[in-house]
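J.: Compute the structure for the input listed below.
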Amino acid sequence: MLSARIRNVVLGLMLAMSGIGLPGTSNSAESAKQVFGRQALPAALKPQSHGFYSKGCLAGATAMPWDGPTWQVMRPSRNRRWGHPALIETLEELSIKAKRDGWNGLLIGDLSQPRGGPMLTGHTSHQIGLDADIWFRPMPDKRLDYSERENMSAISILKRGTPYVDDQRWNRSFERILYHAAAFEDVERILVHPGIKKKLCDTVKGDRGWLQKIRPYYGHHYHFHVRIGCQDGSPGCRSQRPTTPGTGCGKPLDWWFNVALKPKKPAPNQKPGKPKIITMDQLPKVCAAVASASEMPETRAVYKASSLFGFSVPALDLPERLDPMAALASKPIEAEPQKIVSPVYTDLSILVSELPLPKPAPSR
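T.: Numbers count the residues shown, from 1 in each chain. Okay, here's the model as predicted:
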């Protein structure tokens, strides 16, 4: 166990490397990551998404309960179980469908921070409470304790050393869970690794229209990313362009394997790019008010799921108040990522906006 002094030094170095100032420094007033990353509870305002998925904030967020009969929330120390109420409701309904179709339930990964905004580590999206990551690993039969949720690894479903699905890990229940997620009217996109998209293109029979929502993207081989659209009552929410018509199979998908996922040699003497720091003045103006608003008590903010009636489990041994800075020391979702012949990155490695995308860049 690291001493408090050593831990603070380590966190300070990580903050400095990320371009984030410590609380109370001049930089903390400029970096939106720092402003929103240190929030432990949501703003006591009505639920509204402000801005775009990769540049915005969230008012009046609702928390996914740590436990439900058909889900468990992972990596509690990150405190990223917050979203627009419509997203939380969708996740509950999806978990019930998963239970009926071969999965024991869902392991819920990152949603948003309590007030959305740029995160201290990882995602460039997930800022307005309309994004959720779900592990490609069914919920176990037992209830995981705090330590297990912090340390259990998600599992890649790709064949080691390739960008293709491992048939020994894949089964039709994976197809069904993605089908159910795509069936929600509010769900606009589901991001998966191109190898998973290819598997679906090769195997889905009958109705294939839902494949339009399944979008190939870097990473996403150990979880899938559900994105819902802007909700009524959020006039400041900026929608994403509609997905391209068609299944997205064939030539559009071939580009990923022939160009995007080919190993690339770094240019001679190429220096690593500096992380882009979003400042508060780059976010919608209302986000400053969201960041400074009074806290909503957690008891009011947790989603009152209909499926929770009559359901009870032992309480998690959580800290009395989650430390927002704990996200910096949290383990990656996939603790031991496989070596894959493609530029795949874990949450703590590189921002999506800095990936070396070949041209033309794909639309997510």
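J.: Count the residues that sit near D145.
T.: Neighbourhood size, D145 [other Cβ atoms under 10 Å]: 11. All C-beta atoms are positioned from the backbone trio N, CA, C, and that covers glycine.
J.: cool, the one 5 residues further on as well?
T.: The local packing count at E150 equals 16, with neighbours defined by other Cβ under 10 Å.
J.: how distant is whatever helix or strand it lives in from the center of its chain?
T.: For E150, the host element (DSSP states H and E) is helix 146-151. Centroid separation between helix 146-151 and its chain, computed with Cα atoms, centre = their mean, to the nearest Å, is 18 Å.
J.: With stretch 219-234 instead?
T.: 8 Å.
J.: now for that stretch, what's the gap between its first and last residues?
T.: 30 Å (Cα to Cα, to the nearest Å).
J.: Could I get the average pLDDT for it?
T.: For stretch 219-234, the mean pLDDT works out to 96.
J.: go on, stretch 252-270?
T.: 86.
J.: Name the residues of it that come out as buried.
T.: For stretch 252-270, the neighbour count (16 or more other Cβ atoms under 10 Å) marks L253, W256, F257, A260, L261 as buried.
J.: Adding distance to A154, write the residues you listed out as a markdown table.
T.: A markdown table is the format used below for the buried residues of stretch 252-270 (distance: Cβ to Cβ, whole Å):
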| residue | distance to A154 |
| --- | --- |
| L253 | 24 |
| W256 | 22 |
| F257 | 23 |
| A260 | 22 |
| L261 | 20 |
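J.: In space, what's closest to S77 - neighbours in sequence excluded?
T.: Leaving aside its sequence neighbours, S77 sits nearest to A326 (Cβ to Cβ, 6 or more residues apart in numbering; 4.1 Å).
J.: quick one: contacts for the one you found?
T.: S77, R78, N79 (Cβ atoms under 8 Å, 6 or more residues apart in numbering).
J.: what does R143 give?
T.: Contacts of R143 (Cβ under 8 Å, 6+ apart): D67, Q72, V313, P314.
J.: can you map out the strands along the stretch 151-300 of the chain?
T.: For the stretch 151-300 of the chain, applying DSSP state E, counting those that start in this stretch gives strands covering 187-192, 214-216, 223-228.
J.: partners of the second one in the sheet?
T.: As defined by DSSP bridges, the strand partners of strand 214-216 come to strand 187-192 (parallel).
J.: Check the gap between K274 and K205 for me.
T.: 48 Å (Cβ to Cβ, to the nearest Å).
J.: So between the two, which is more surrounded?
T.: K274 (8 against 5).
J.: Read off the pLDDT value for the more buried one.
T.: Looking at K274, the pLDDT reads 76.
J.: roughly how far apart are it and Q72?
T.: 37 Å.
J.: Over to D202?
T.: 32 Å.
J.: for I277, same thing?
T.: 34 Å.
J.: would you list every one of the helices in the chain?
T.: 4-18, 32-37, 85-100, 146-151, 172-183, 194-203, 251-255, 286-292, 298-301 (DSSP state H).
J.: how about those helices in CSV, adding distance to Y53?
T.: Formatted as CSV, the helices of the chain follow (distance: least, Cβ to Cβ, whole Å):
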stretch, distance to Y53
helix 4-18, 21
helix 32-37, 14
helix 85-100, 12
helix 146-151, 26
helix 172-183, 17
helix 194-203, 20
helix 251-255, 22
helix 286-292, 14
helix 298-301, 22
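J.: Highest mean neighbour count out of those?
T.: helix 32-37 (a mean of 26; mean count of other Cβ atoms under 10 Å).
J.: Mind giving me the packing neighbours of it?
T.: helix 286-292 (3 or more Cβ pairs under 8 Å, 6 or more residues apart in numbering; DSSP states H and E).
J.: Can I get the helix it packs on in PDB, CA atoms only?
T.: Extracted as PDB, the C-alpha positions of helix 286-292 are listed here (Å, rounded to 0.1, in the frame of the first residue of the first chain):
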ATOM      1  CA  VAL A 286     -24.200  27.300 -19.200                       C
ATOM      2  CA  CYS A 287     -21.600  24.700 -18.200                       C
ATOM      3  CA  ALA A 288     -20.000  27.100 -15.800                       C
ATOM      4  CA  ALA A 289     -23.300  27.400 -14.000                       C
ATOM      5  CA  VAL A 290     -23.700  23.600 -14.000                       C
ATOM      6  CA  ALA A 291     -20.300  23.300 -12.400                       C
ATOM      7  CA  SER A 292     -21.000  25.800  -9.700                       C
END
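J.: Now do that helix: everything it contacts.
T.: Contacts of helix 286-292 (Cβ under 8 Å, 6+ apart): 32, 35-36, 39, 43, 45, 50-51, 56-59, 115-117, 236, 280.
J.: Next, count neighbours for D101.
T.: 14.
J.: gap between it and S95?
T.: Applying Cβ to Cβ to D101 and S95 gives a distance of 11 Å.
J.: Please apply the same query to R160.
T.: 29 Å.
J.: care to break the chain down by domain?
T.: Here the domain assignment for the chain is 1-30, 40-260+278-354, based on automatic domain parsing.
J.: Under the pLDDT cut-off, which ranges of the protein? List them.
T.: Within the chain, the ranges that satisfy pLDDT under 70 run 1-30, 335-364.
J.: you'd agree L316 is up against S147?
T.: No. In this structure L316 lies outside contact range of S147 using Cβ atoms under 8 Å: 10.1 Å.
J.: Let me know the distance separating D166 from I333.
T.: From D166 to I333 the distance is 18 Å (Cβ to Cβ).
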